[in-house]
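Participant: what follows is a protein structure lacking sequence information:
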Ligand SMILES: [Ca+2]
């Protein structure tokens, strides 16, 4: 391995929340406001939001932001990439000292919201990366989601919480085998196509 | 290499166009309508649009759809993933017989639109993937765009056409060295943060 990676298992997600509504600013700001992001490093600019810290909190915060936006009933989507194993900077390492208790789990559990999601896993730096994916992902065990194939991606349909659980488990399994792993996703709720 | 890949150099892009507007349906449909996608295989569902074919047309169509949506003046973004080298299906191979002339270039050249874009390249199946990225990407040669670093991604700012030219060149260079390459991107125009 010639790449330079950090030693801590800090995870991160670069995502954008997209409310397809004239009220998009209010929806984004109130979602960010309702979610407790005290256990992650967080930075937002005009293109994406980046959260970094322990894997459990990166998923907890990302899921909660999507849920709070989707419960407005507006057509809302989110696209992003989860990463672990890189880069080598340590600016957010202090967040690795947080406890494992997710800050938004209780509130998120009260929101029932159907969605469709497509995701792809990219284990980097291994010649047998396809084997790593197939060995580590067993979506037949994913509870509450319908799994289907899509070009370049896998599609999941079901409750938002079950979808995030499934992709978190898949990501967690692969990164145990492959140091640098990324996972892209797009999740969409309240699409008029489904009404 | 143990992965199963197709032999043709068919490229693809899975993307979603996000107009942050109550008029999102009209904007999406009229953008799709204005763009000539006759040289690519195309499929849209409620989560993403997938286009496949020769690399030149996949970029031409994706760029044109974003440009036509952004010229409405609404805050519009697009997130997606370009891929080449996989999967092994051949359903769209017929489109590889098209000529190389981009169908939307002339119309796209007339639209001037500033945007911000973040992208990441993932060469798959190589232990020295970081070297492949650094060797093949020389963004200092990218005309008309400002380049800056961002967590997990590289940021480009400038005219939409220059941004797409830069990421197309980067993707093209890496895929010459690495059979299976993916590239994620998020591009955003007319953000109220920049007004
Ligand atoms: Ca990706």
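Facilitator: Received the coordinates, thanks. Keep in mind the model is a prediction, meaning the values are calculated, not measured.
Participant: which residues touch residue A:99?
Facilitator: Going by C-beta atoms under 8 Å, 6 or more residues apart in numbering or on different chains, residue A:99 touches residue A:39. Yep, even glycine has a C-beta here, placed from its N, CA and C like the rest.
Participant: recalculate using a threshold of 10 Å.
Facilitator: Counting by C-beta atoms under 10 Å, 6 or more residues apart in numbering or on different chains, residue A:99 touches A:39, A:54, A:56-57.
Participant: do residue A:84 as well
Facilitator: Contacts for residue A:84 (C-beta under 10 Å, 6+ apart) come out as A:5-6, A:9-13, A:52, A:55, A:58, A:171-172, A:174-175, A:178-183.
Participant: host element of residue A:134?
Facilitator: Using DSSP states H and E, residue A:134 falls within helix A:129-136.
Participant: let me redo that: residue A:185
Facilitator: Residue A:185 belongs to strand A:181-189, assigned by DSSP H and E.
Participant: what's the span of stretch A:82-93 from first residue to last?
Facilitator: Using C-alpha to C-alpha, to the nearest Å, one end of stretch A:82-93 lies 17 Å from the other.
Participant: any buried residues in the lengthiest helix in chain A, and which?
Facilitator: As assigned by DSSP state H, the longest helix anywhere in chain A is helix A:160-177. Neighbour counts over helix A:160-177 (16 or more other C-beta atoms under 10 Å in any protein chain shown) mark A:160-175 as buried.
Participant: that helix close to chain B?
Facilitator: No - using C-beta under 10 Å from any C-beta of the partner chain, helix A:160-177 stays clear of chain B, coming no nearer than 11.5 Å.
Participant: show me where chain A has strands.
Facilitator: A:11-19, A:41-44, A:49-53, A:76-84, A:114-123, A:145-150, A:153-159, A:181-189 (DSSP state E).
Participant: now render those strands as JSON lines, adding distance to the ion.
Facilitator: Converted to JSON lines, the strands of chain A look like this (distance: least, C-beta to the ion, whole Å):
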{"stretch": "strand A:11-19", "distance to the ion": "10"}
{"stretch": "strand A:41-44", "distance to the ion": "20"}
{"stretch": "strand A:49-53", "distance to the ion": "15"}
{"stretch": "strand A:76-84", "distance to the ion": "5"}
{"stretch": "strand A:114-123", "distance to the ion": "5"}
{"stretch": "strand A:145-150", "distance to the ion": "15"}
{"stretch": "strand A:153-159", "distance to the ion": "10"}
{"stretch": "strand A:181-189", "distance to the ion": "4"}
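Participant: could you see whether chain B lies near the helix or strand bottoming out on mean pLDDT in chain A?
Facilitator: Here the helix or strand of chain A ranked lowest by mean pLDDT, DSSP states H and E is helix A:129-136, holding a mean of 73. Yes - Helix A:129-136 reaches chain B (C-beta under 10 Å from any C-beta) through A:129-131, A:133-134.
Participant: and for stretch A:143-158?
Facilitator: Yes - part of stretch A:143-158 sits near chain B under the criterion C-beta under 10 Å from any C-beta, namely A:149-153, A:155-157.
Participant: show me which positions of stretch A:107-117 end up buried.
Facilitator: Within stretch A:107-117, the residues that count as buried by 16+ other C-beta under 10 Å are A:108, A:111, A:113, A:115-117.
Participant: could you do stretch A:113-129 as well?
Facilitator: Neighbour counts over stretch A:113-129 (16+ other C-beta under 10 Å) mark A:113, A:115-126, A:129 as buried.
Participant: repeat for stretch A:30-49
Facilitator: For stretch A:30-49, using 16+ other C-beta under 10 Å, the buried residues are A:31-32, A:35, A:37, A:39-42, A:47-49.
Participant: my read: residue A:17 touches residue A:64, true?
Facilitator: No - assessed by C-beta atoms under 10 Å, residue A:17 is found out of contact with residue A:64, at 11.3 Å.
Participant: shared neighbours of the two, anything?
Facilitator: Common neighbours of residue A:17 and residue A:64 (C-beta under 10 Å, 6+ apart) are A:31-32.
Participant: could you tell me the end-to-end distance of stretch A:80-96?
Facilitator: End-to-end distance of stretch A:80-96 (C-alpha to C-alpha): 22 Å.
Participant: likewise stretch A:172-185?
Facilitator: Stretch A:172-185: ends 15 Å apart by C-alpha to C-alpha.
Participant: any part of stretch A:23-35 near chain B?
Facilitator: Yes - with C-beta under 10 Å from any C-beta as the criterion, chain B is reached by stretch A:23-35 at A:23-25, A:27-28.
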